[in-house]
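Participant: Sharing a model prediction with you, sequence too.
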Amino acid sequence: MASKGETRWLHPATAMQAMLEGANHNNLFLNVYTLTLCSAAPLQHHHVRQALLHLFRKVPTLRLCLKRRDGLLWMCEMDHEEIDFQVVEGDSNQVTEDLGTYKYNVSEGPLWCARLLSKEKNPMNPRTDIESAFPYTCSLALGNHHAIADGTTNTFTIEFFLQILNDVIAGKNIDDSKQMAEYKGAKELDDLINAQDKELEKDPARLEVLLKEIKEGPQEQPLLCRVLPPIYGVPYKSRFLETVFDTDTTKRFITKCKENGITVNSGVVALLNVTLMEYMREAGLKREEYPIQAAHAVNMRRYLPKEMSNIIGAHITLLVNTLMVPANWQDSFWNYAKQVHKEFLKGLVSDTVEYLCLIRRAYYYNDSFQEAFSKPSPPSWDHITATMGNLDTRIITEGNHVRLGHLLRFSANAFDPLMHMYHTFRGRLCFSVTYSVNLLSEETAQKMIDLFVKILNSQV
């Protein structure tokens, strides 16, 4: 850690980190991960606080802050030790949503916080097969500024926290000098972007068109927005709903995806596209094909050497595409899912790095991300997706004192109608939808979830 009063300048913020700072400054894409902790004995507040302090010392991203130097935004290391931890009462869903508009001290840090619910009115249900040995449950909401951590980093951090918390309760000595992960990758990713940027420069006309799309948004309004019932006088805010599939349904769905040679993510996106299409058809929009405009979060570590697969930071980009859903999708859903998968593979070759090139050219060099997010803009996409895959391979600690029973992921986004976040954990597909209350009512969002559940069950 930097000495008190001194600034340790780590590196200029990447284009994605600068974009996320601009978004977070305007209450967009702030992350909250709410943990249902199952313990063998009632969890002591001081144990949680002590574990979080060790976590701060052992995970570099939790010590990050952002400062400006010579007109550039830099990632820096905090010059003091501080954790933002509170014990609160109330409803875990409400606490989660409230942290979606939390204001962090960006220049001083910390850029994350923790809220332990002591008397919870609405506890999230843990997995039943650990209830007998771990009968006590409580929720811990972990919020963070998106510029310091992506979903991969957050799930790594949760695993580290579970390891430390079990050791704290057991009274073990913890070596704070031993770091649990490496914060790196900015230079390597910048090299990738520079190489792709040179390719873009070979076709100036195409580059001009792409930059115009980035700055002005799509030429056509997302189809979903044309059928949503109008909502007036409601402030911009994000809320969420959640559904969790049982282990049998999850297993059957995963098996069907494997049988058809596609990823679970491709299967889920295909289902979501079909769900939106069916909602629009029920709302009276009749077509032979329905274009679904979407943005999909992509882990940039896939482009780095294998030894860098576990680095921490905000190493993400977006894959933006428009996929057509045929009105007769029911004739062969899995053929449609295969087409979705094919389009994903095609886009992952170059489109994801290309997106970072474009936002860097459009906003990074003139430092205009905050201005770009400062006022509501028309929705760019029908929906956004973010998968974390199978978390049973990443959150593996099964401690003697505390275990993770459930994980909810939430990311504030009030400008676009829907953001779908999903993963599997303890053999169950966990699915949450963030919706913008100024674009969708809770009734409409719930109707879409019910339709998604119905369609998934019909295909497995």
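Facilitator: The structure has been received and is ready for your questions.
Participant: Tell me which stretches of the stretch 201-350 of the chain form helices.
Facilitator: With DSSP state H, counting those that start in this stretch as the criterion, the stretch 201-350 of the chain has helices at 204-216, 247-259, 264-282, 333-359.
Participant: Also the stretch 1-150 of the chain?
Facilitator: Using DSSP H, counting those that start in this stretch, helices in the stretch 1-150 of the chain cover 15-25, 45-58, 92-98.
Participant: averaging pLDDT over each of those helices, which comes out lowest?
Facilitator: Comparing mean pLDDT across the helices of the stretch 1-150 of the chain, the weakest is helix 15-25, with a mean of 91.
Participant: so how far is that helix from its chain's centroid?
Facilitator: Relative to its chain's centre, helix 15-25 lies at 14 Å (Cα atoms, centre = their mean, to the nearest Å).
Participant: Run a quick neighbour tally on residue 314.
Facilitator: Burial of residue 314 is recorded as 28 neighbouring residues (other Cβ atoms under 10 Å). For every residue, glycine as well, the C-beta is placed using N, CA and C.
Participant: Let me know the pLDDT of the closest residue to it other than its chain neighbours.
Facilitator: For residue 314, ignoring the flanking residues on the chain, the nearest one in space by Cβ to Cβ, 6 or more residues apart in numbering is residue 150 at 4.9 Å. We have a pLDDT of 97 for residue 150.
Participant: Which among the helices of the stretch 1-150 of the chain is found nearest to residue 144?
Facilitator: Judged by Cβ to Cβ, the one of these that comes nearest to residue 144 is helix 15-25, at 9.5 Å.
Participant: Quick one: list the elements packing against that closest one.
Facilitator: strand 72-77, helix 333-359, helix 369-372 (3 or more Cβ pairs under 8 Å, 6 or more residues apart in numbering; DSSP states H and E).
Participant: between that helix and helix 333-359, how many degrees?
Facilitator: If you take axes from the mean of the first three to the mean of the last three Cα atoms, to 10 degrees, helix 15-25 sits at 90 degrees to helix 333-359.
Participant: Contacts made by helix 15-25 with the rest, please.
Facilitator: The contact list for helix 15-25 (Cβ atoms under 8 Å, 6 or more residues apart in numbering) reads 13, 29-30, 66, 73, 75, 104, 106, 145-147, 193, 314-317, 356, 359-360, 363-364, 367-373.
Participant: Give me the buried subset of those residues.
Facilitator: For these, a neighbour count by 16 or more other Cβ atoms under 10 Å gives the buried set as 13, 29-30, 66, 73, 75, 104, 106, 145-147, 193, 314-317, 356, 359-360, 363-364, 369-370, 372-373.
Participant: and the gap between the residue nearest to residue 314 and residue 386?
Facilitator: 9 Å (Cβ to Cβ, to the nearest Å).
Participant: Please enumerate the shared neighbours of these two.
Facilitator: The contact sets of residue 150 and residue 386 overlap at residue 297 (Cβ under 8 Å, 6+ apart).
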